[in-house]
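*Asks:* what follows is a predicted protein model with its sequence.
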Amino acid sequence: MNTAPDSFSENELHAYVDGKLTPERRAEVEAFLADHPEAAAEVAAWRAQNEAIRAAFGTEPALGAQDRALVAGLSKGKKVQTRRFAIAAGFALFFLAGGGAGSLLTSALQKDAPVQIAQLLPEASKANYLIYAGERRHPVEVAASEEEHLVRWLGNRIGKTLQAPDLTAKGFSLVGGRLVPFAEKPGAMLMYENGSGDRVTVLIGVNSGHEGTAFRFSETDGVSTFYWADNGFGYAMSGAVGRETLLGLAHILYAQY
């Protein structure tokens, strides 16, 4: 008889992925995942991402047998949130593949890629970075000291509940943000800075009518950009930082949105 709890918090599932649960609690999580394919898909994707990040630009890791079984089970008629899972799995594949300028990860993702967003996001994000990241006195309209007002204001303008992703684990702190144009609509730009003065910008724009997902990395004029589209919005992060640094930051951005 299965006596697993009906649900687990996201923190507990992350702890399971990180191997931080007691054997008893781990067994309960595994019983829960066996009956909840959507959660199992999310967990498998987190594991793949973690492995990919650890192995970025090194040897290619393989998914464990348990994760392969979880993913395989999804193809046997079980209903899952396939688009969200595809994004997480695709993100992991980006790391595993090592990325590439302008390259789309898989043909499956390419078929769904929203052409308009794929064309507009990198240039718009790079332009915002080049225009504002070099500003010393007025890089943002609303400073990080007014973060609550900032995310509420920008969220209202683009029609999305926003939060300012916490990038402090990678040494970057919020500078602030501003309203910017994107595809003839309002877009939200957030700016972050590390202790060395390096800055990165995050662009979030409306992607209405295009539900496909795309993962691309572009690097031009010394500015790197990682971008994708999901659930009606386009996301891009730009900066004159190393590819590994930018992708690590983009992974945090994706995980928090």
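*Replies:* Noted; the coordinates are in hand.
*Asks:* next up, the contacts around R157.
*Replies:* L179, P186, A188 (CB atoms under 8 Å, 6 or more residues apart in numbering). In this view, the C-beta of every residue, glycine as well, is placed from N, C-alpha and C.
*Asks:* which residues in the chain form strands?
*Replies:* Ranges of strands within the chain are 142-143, 172-182, 185-194, 199-206, 215-220, 223-230, 233-239, based on DSSP state E.
*Asks:* in CSV: those, plus mean neighbour count.
*Replies:* Listed next are the strands of the chain as CSV, based on neighbours: other CB atoms under 10 Å:
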stretch, mean neighbour count
strand 142-143, 15
strand 172-182, 20
strand 185-194, 22
strand 199-206, 25
strand 215-220, 20
strand 223-230, 25
strand 233-239, 26
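*Asks:* next, format those strands as a markdown table and append mean pLDDT and distance to R152.
*Replies:* Formatted as a markdown table, those follow (pLDDT from 0 to 100; distance: least, CB to CB, whole Å):
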| stretch | mean pLDDT | distance to R152 |
| --- | --- | --- |
| strand 142-143 | 96 | 10 |
| strand 172-182 | 95 | 11 |
| strand 185-194 | 96 | 11 |
| strand 199-206 | 94 | 14 |
| strand 215-220 | 83 | 29 |
| strand 223-230 | 88 | 22 |
| strand 233-239 | 93 | 17 |
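*Asks:* got TSV for these, with distance to T245 too?
*Replies:* Below are the strands of the chain laid out as TSV (distance: least, CB to CB, whole Å):
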stretch	distance to T245
strand 142-143	24
strand 172-182	9
strand 185-194	9
strand 199-206	9
strand 215-220	13
strand 223-230	9
strand 233-239	8
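*Asks:* can you check the pLDDT for R136?
*Replies:* With respect to pLDDT, R136 scores 89.
*Asks:* nope, G242 is what I meant
*Replies:* Per the predicted model, pLDDT is 89 at G242.
*Asks:* any low-confidence regions in this structure?
*Replies:* 1-6, 45-46, 48-119, 209-215 (pLDDT under 70).
*Asks:* tell me the spacing between the residue nearest to R199 when sequence neighbours are not counted and S208.
*Replies:* Counting by CB to CB, 6 or more residues apart in numbering, the nearest residue to R199 once its immediate chain neighbours are dropped is A133, at 4.3 Å. Computed as CB to CB, to the nearest Å, the A133 to S208 distance reads 28 Å.
*Asks:* repeat for M237
*Replies:* On the measure of CB to CB, M237 and S208 end up 21 Å apart.
*Asks:* again, but for R136
*Replies:* Using CB to CB, one gets 36 Å for the distance from R136 to S208.
*Asks:* more neighbours, these two?
*Replies:* Comparing R136 with S208 by neighbour count (other CB atoms under 10 Å), the higher total belongs to S208, at 11 against 6.
*Asks:* burial measure for the spatially closest residue to that one that is not a sequence neighbour, as a count.
*Replies:* Distances taken as CB to CB, 6+ apart place G232 nearest to S208, at 5.6 Å, with adjacent residues excluded. G232: 13 surrounding residues under other CB under 10 Å.
*Asks:* I figured G232 hits V206, correct?
*Replies:* Yes - the pair G232 / V206 is scored as a contact, 6.9 Å apart, by CB atoms under 8 Å.
*Asks:* overlap in contacts of the two?
*Replies:* With CB under 8 Å, 6+ apart, G232 and V206 have no common neighbours.
*Asks:* against R47, how distant is A41?
*Replies:* 11 Å.
*Asks:* which of the two has more residues huddled nearby?
*Replies:* Shown here are A41 and R47; by other CB under 10 Å, A41 has more neighbours (24 against 20).
*Asks:* could you report the separation of the more buried one from V29?
*Replies:* 14 Å.
*Asks:* with R243 instead?
*Replies:* Distance from R243 to V29, by CB to CB: 34 Å.
*Asks:* send me stretch 241-248 as CSV with only the CA atoms.
*Replies:* The C-alpha trace of stretch 241-248 is given here as CSV (Å, rounded to 0.1, in the frame of the first residue of the first chain):
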residue,chain,number,x,y,z
VAL,A,241,31.0,38.5,-19.4
GLY,A,242,32.2,35.0,-20.1
ARG,A,243,29.8,32.5,-21.6
GLU,A,244,30.0,30.2,-18.6
THR,A,245,29.2,33.1,-16.2
LEU,A,246,26.3,34.3,-18.3
LEU,A,247,24.8,30.8,-18.6
GLY,A,248,25.1,30.2,-14.9
